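**Student:** sequence plus predicted model, see below.
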Amino acid sequence: MSLLEVRGLTAGYGLVSVLDGIDLSVDTGEAVVVLGANGAGKTTTLRALSGMIPAKGEVILEGRNVLGQRPDQLCKRGVAHVPQGRGTVVDLTVEENLRIGAYGRGDDGIDADLQRWFELFPRLGDRRTQSAGSMSGGEQQMLAIARAMMSRPKLLLLDEPSLGLAPLVTREVFDRLAGLISGSDIAVLLVEQNANLALEFASRAYVLEAGRIVGSGTSEELKNDETIQRAYLGS
Amino acid sequence: MADFFRYLVIGLGNGAIYAMIGLGLVVIYRATGLLNFSQGEIAMFTTFIVWSFTQAGIPLWASMLLGVVAGFLIGVVLQRVIIQPFGDPHQKPLTLVIVTIGMFLGINAFAQLIWGTDTKALDPLFGNGQFEIFGVGIAWQKVGALAVLAVEVVVFWLIFQRTKIGLAMRSVASNSESSALVGIPVSRVLMIGWGLAASIGAVAGTFTAVDRGVDSNLMILTLIYALAAITLGGFDSLVGAVVGGLIVGIVTEVVPRYVDFLAKVPLAPAFALILIVLLVRPEGLFGTKRVARV
Amino acid sequence: MTDIATPTVEPMTSGSRGFDSQRALRVAPVVVILVLCIVLPLMLSEFWVDRITGWIPLAIAALGLNLLTGYNGQISVGHGALYGLGAYTSAILVGDQGWPLFLAVLGGALVSFAAGVIIGLPALRIRGLYLALVTLSVAVLFPELVRQAEGLTGGTGGYYITEPQVNSRGVVVDRPIRLEAPEWTGLANDQWRFYVFVVIAFACFVLARNLVHSRTGRAMIAIRDNEVAAEVNGVNVARIKVLTFGVGSALAGVGGGLYALWRTQLFPQSFTLLASFYFLVAMVVGGPASIIGPAIGAVFYGFFADVITPELPERVKPATPLILGVLLIVLMRVAPGGVVGLARTTMARFAVARAAPRGADSESAAGEDETASISRSEE
């Protein structure tokens, strides 16, 4: 049984329908990417999955249909969503941002986790009392990911982590991310325009066009697919 | 000089009350990005509740604390029943301004319905005594107001900076969407924010009522002074509410003493203050500078 | 932010359909109101004609508020002050300066216009919540100033529009100056007053309608919907906003002036914060961003205050603002487009039901367009 199973997901804003029946699945510990151009519905997919916008269809998480639950309820069930533009709370300090990441947790391992993140990302540790808004884009992206990880998720939803970052920084973010989840059983569902890096990172991919899944396969298969190459790999 | 000193002390005492209402406005603004025009009316309503408890023979101190609890509950109910159905307050502040005006009308009339239109007397919390400094008599009540204000500020500061719920409130105020995504139950946090803001109205009301008694108009002028205070101090700053409140208290007490035509309109300097601050430095003395949302 | 902008839907254009529901909807209420205006004074008692006459100034002032808030997106919680300013100015011009009545109303309108422009100037920098704050302060300040300026306004004791007159027993008494019917009309004074007020109100509503449909009106709406976009598109935002504040206030002044002529006595407590709130109620009930809405709202408020309230038991009377407050909240929730918005939605549904089923989308679009009239200004 997969960790996440999505069937016939439709969603939109007001009168405009954006998703036109999406099917996809993510297994435990697996990294999956949804590729698509601007306006294909990538962000909408993630927003529908984490309960930020009303949607129809089925979203089955560990065998339970969780469609219609609020974001904070889904977070407790192990879905952590790093929104587009990173969503760091700029008026809070770095440490406070990490602490709200653990808001739904009741255990006493929070301080230990904080320490672990500060060791993993010394730059976050250096700036723990500074406002998150004062950090660079790459640092904020790492903070947003670390914050999502503070909730000890089973499934991490990532919305275009490369957005607005320099290519080198983007690569670093992906490398760090790969290091974080390798060996853990955290699954990642990533939506990206930057297909090169995303296909390297993920093991499977879906292609989203105008609100429909128009293709899927392993990353290797898609890298070698001519249409995909032309549309998303820029070659 | 002695006169000036006396006006100063009276002004500070009044300013403490403006600051208390200002604190409530700031708490809601920080938690929800909303300017709650019914803040003063909630305070008036809970002051009536305080009065009712004293009528039942409960000491004033205890009545006031019961009023604080009642205020918290009222705030929670108002948020749940009226505010929450409108969704994210950041999206439609003007709609919610009109809604809080509806609450203003409703609460004011409801109080008259329950307690009638005649004015009720409330004793001073710190007695009628006074002491002398430099030959100027200072009422304990005024000093008490400042002391209580100090306690309130410390309590709120601790809640915001040192508790999990306070952190959640600041997070929601800054970015409610991200807050929801990390698992903060936004609507419940907003509810507690409303409860906290409404809870302190009973204290401000108990102090205001000493001079003028309790009736349904208790807080209308005070609300304007409190709005002037937080405009001066900055909508999102607790310290600003206090400093702003005290300055407004002093200005509205001292200026009319020396400027004849303002003698009967102490509101005018407060209004001028609002206008000047908004034109010159819209974020106030201590507020965060940000692009206006509307 | 969403990755897809919320769609802005144009109101349904019904030209393609056989039954022009939009046009019928616009014209029908006007016809009904005009017929009522002509017939009512002939049917009702003097008491009721007089009462209903008193609703007309409210409608004109609410119209002004609607131009400002409904069409231009500038919230004002201080409209009662500008109404009061118009009322006192007109009253003093008549009572102290001996001006002809209508000239005095015009004078009141001009003074309110000037005051509106003065408030509107800082409003260029102060908007949204801040503007609500400033206008709220104006509303609270105004009655205090009236009380203070006792020499001019009579203070708390009130101002009476009177002239000394020798009565039949040769004693000099103060007689209220009121509008009286000329002989040739054959009308009673109350009927004459009503018709005159209606004509003035009608002129105001027609002027407002023409304004809204003019270039300036489109600029007002553009500013409400998106100020930055309006500016980019060459709208002189500052000029339009100040002008709207002035015109909205001038209408409040006309309303206030007529109120003074109707009432012949003014008290500061008639122009408190509550008065400003009631104008908001009238606007929201009738329908923000509609021309006829304020008239409906004023009739509703007048009916509520003059017909329903007196019937209530004494004990419950203080509760009347409670009813209005609850109504305001409920309306903002379920029908932010007010009565007019509801009517338009219903008519649009009706029209769509007759048209092809394909019209489902445009149906909700037409409804949404109206209900969004306030909230849209806030993006």
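**Tutor:** Received, thanks. What you are looking at is a predicted structure, and each value in this text was computed from that prediction instead of being measured.
**Student:** need the outlier residue of chain B, farthest from its centre.
**Tutor:** No residue in chain B sits farther from the centre than residue B:135, which is 32.4 Å out by Cα atoms, centre = their mean.
**Student:** which residue packs closest to it, ignoring adjacent ones?
**Tutor:** residue B:2 (5.8 Å; Cβ to Cβ, 6 or more residues apart in numbering or on different chains). For every residue, glycine as well, the C-beta is placed using N, CA and C.
**Student:** could you report the separation of the one you found from chain C?
**Tutor:** According to Cβ to the nearest Cβ, to the nearest Å, residue B:2 and chain C sit 28 Å apart.
**Student:** list phi and psi for residue A:162.
**Tutor:** phi -80, psi -10 (degrees, to the nearest 10).
**Student:** which residues touch it?
**Tutor:** A:170, A:173, A:174, A:192, A:193, A:194, A:197 (Cβ atoms under 8 Å, 6 or more residues apart in numbering or on different chains).
**Student:** max pairwise distance over these: which two?
**Tutor:** A:173 and A:193 (14.5 Å; Cβ to Cβ).
**Student:** run through the chain and note the low-pLDDT ranges.
**Tutor:** Answering for chain A, as no chain was given. A:1, A:233-235 (pLDDT under 70).
**Student:** wait, I meant chain B there
**Tutor:** B:89-91, B:289-294.
**Student:** can you tell me the closest non-neighbouring residue to residue 53?
**Tutor:** No chain was given, so I picked chain A. Nearest residue to residue A:53, sequence neighbours excluded (Cβ to Cβ, 6+ apart): residue A:47, at 4.9 Å.
**Student:** you looked at the wrong chain, it should be chain C
**Tutor:** residue C:194 (4.7 Å).
**Student:** next secondary structure after the longest helix seen in chain A?
**Tutor:** Identified as the longest helix of chain A according to DSSP state H is helix A:167-181. Using DSSP states H and E, the helix or strand that follows helix A:167-181 towards the C-terminus is strand A:187-192.
**Student:** who's in contact with that next one?
**Tutor:** A:3-4, A:26-36, A:42-43, A:45-46, A:49, A:154-162, A:177, A:181, A:198, A:201-202, A:208.
**Student:** do the same with stretch B:258-268
**Tutor:** B:221, B:224-225, B:252-253, B:255-257, B:269, C:137, C:140-141, C:144-145, C:147-148.
**Student:** checking my notes, residue A:12 in a strand, right?
**Tutor:** Yes: under DSSP: H, G, I helix; E, B strand; the rest coil, residue A:12 falls within a strand.
**Student:** spell out which parts of the stretch 101-250 of chain B neighbour chain A.
**Tutor:** For the stretch 101-250 of chain B, the residues found near chain A under the criterion Cβ under 8 Å from any Cβ of the partner chain are B:164, B:167-168, B:170-171, B:173-175, B:177-186.
**Student:** what do you get if the cut-off is 6 Å, keeping everything else the same?
**Tutor:** With Cβ under 6 Å from any Cβ of the partner chain as the criterion, the stretch 101-250 of chain B meets chain A at residues B:167, B:171, B:174, B:175, B:178, B:180, B:181, B:182, B:183, B:184, B:185.
**Student:** for those residues, which one is nearest residue A:54?
**Tutor:** Using Cβ to Cβ, these come closest to residue A:54 at residue B:180, 14.3 Å.
**Student:** so what's the closest one closest to, chain neighbours aside?
**Tutor:** residue A:71 (4.0 Å).
**Student:** I'd like to know how far that neighbour sits from residue A:110.
**Tutor:** 20 Å (Cβ to Cβ, to the nearest Å).
**Student:** same question for residue C:175.
**Tutor:** Residue C:175 is 82 Å from residue A:110, by Cβ to Cβ.
**Student:** which one of those two has more residues nearby?
**Tutor:** A count of neighbours by other Cβ atoms under 10 Å in any protein chain shown puts residue A:110 above the other of residue C:175 and residue A:110, at 16 against 13.
**Student:** so the more buried one makes contact with residue A:104?
**Tutor:** No: using Cβ atoms under 6 Å, residue A:110 is not in contact with residue A:104, being 11.0 Å away.
**Student:** circling back: turn the contacts of residue A:162 into a markdown table, columns for neighbour count.
**Tutor:** Below are those laid out as a markdown table (neighbours: other Cβ atoms under 10 Å in any protein chain shown):
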| residue | neighbour count |
| --- | --- |
| A:170 | 21 |
| A:173 | 23 |
| A:174 | 20 |
| A:192 | 26 |
| A:193 | 15 |
| A:194 | 22 |
| A:197 | 19 |
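**Student:** for residue C:329, report the pLDDT, please.
**Tutor:** Note on residue C:329: pLDDT of 92.
**Student:** then residue C:374?
**Tutor:** On pLDDT, residue C:374 comes in at 45.
**Student:** apart from its neighbours in sequence, what residue is nearest residue B:245?
**Tutor:** residue B:19 (2.7 Å).
**Student:** that neighbour and residue C:76, how far apart?
**Tutor:** Per Cβ to Cβ, residue B:19 is found 28 Å from residue C:76.
**Student:** next up, phi/psi of residue A:4, please.
**Tutor:** Residue torsions, per degrees, to the nearest 10, at residue A:4 are phi -130, psi 130.
**Student:** burial count for the nearest residue to it once chain neighbours are set aside?
**Tutor:** Sequence neighbours aside, residue A:26 is the residue nearest to residue A:4 in space, at 4.3 Å (criterion: Cβ to Cβ, 6+ apart). Neighbour count for residue A:26, taken as other Cβ under 10 Å: 23.
**Student:** these two touch, right, residue A:26 and residue A:32?
**Tutor:** Yes: checked against Cβ under 6 Å, the pair residue A:26 and residue A:32 is within contact range at 5.0 Å.
**Student:** element containing the spatially most central residue of chain A, please.
**Tutor:** Nearest to the mean C-alpha position of chain A, counting by Cα atoms, centre = their mean, stands residue A:158 at 1.4 Å. Residue A:158 is located in strand A:155-159, with elements delineated by DSSP H and E.
**Student:** chain center to that strand, what's the gap?
**Tutor:** Here the centre of mass of C-alpha atoms in strand A:155-159, compared against the chain's by Cα atoms, centre = their mean, to the nearest Å, lies 2 Å away.
**Student:** can you name every helix or strand that it contacts?
**Tutor:** When contacts are defined as 3 or more Cβ pairs under 6 Å, 6 or more residues apart in numbering or on different chains; DSSP states H and E, strand A:155-159 packs onto helix A:42-49, strand A:79-82, strand A:187-192.
**Student:** next SSE after the longest one?
**Tutor:** Once the chain leaves helix A:42-49, the next helix or strand it forms, by DSSP H and E, is strand A:55-61.
**Student:** is that following strand anywhere near chain C?
**Tutor:** No: using Cβ under 6 Å from any Cβ, strand A:55-61 stays clear of chain C, coming no nearer than 13.8 Å.
**Student:** chain A: helices as residue ranges?
**Tutor:** Using DSSP H, helices in chain A cover A:42-49, A:71-76, A:94-101, A:110-120, A:122-126, A:137-149, A:167-181, A:195-201, A:219-223, A:226-232.
**Student:** tell me the most buried of these?
**Tutor:** helix A:42-49 (a mean of 26; mean count of other Cβ atoms under 10 Å in any protein chain shown).
**Student:** now it against strand A:55-61, angle please.
**Tutor:** Helix A:42-49 and strand A:55-61 are oriented at 70 degrees to each other (axes from the mean of the first three to the mean of the last three Cα atoms, to 10 degrees).
**Student:** chain center to helix A:42-49, what's the gap?
**Tutor:** For helix A:42-49, the distance to the chain centre is 10 Å (Cα atoms, centre = their mean).
**Student:** please apply the same query to stretch C:80-89.
**Tutor:** 13 Å.
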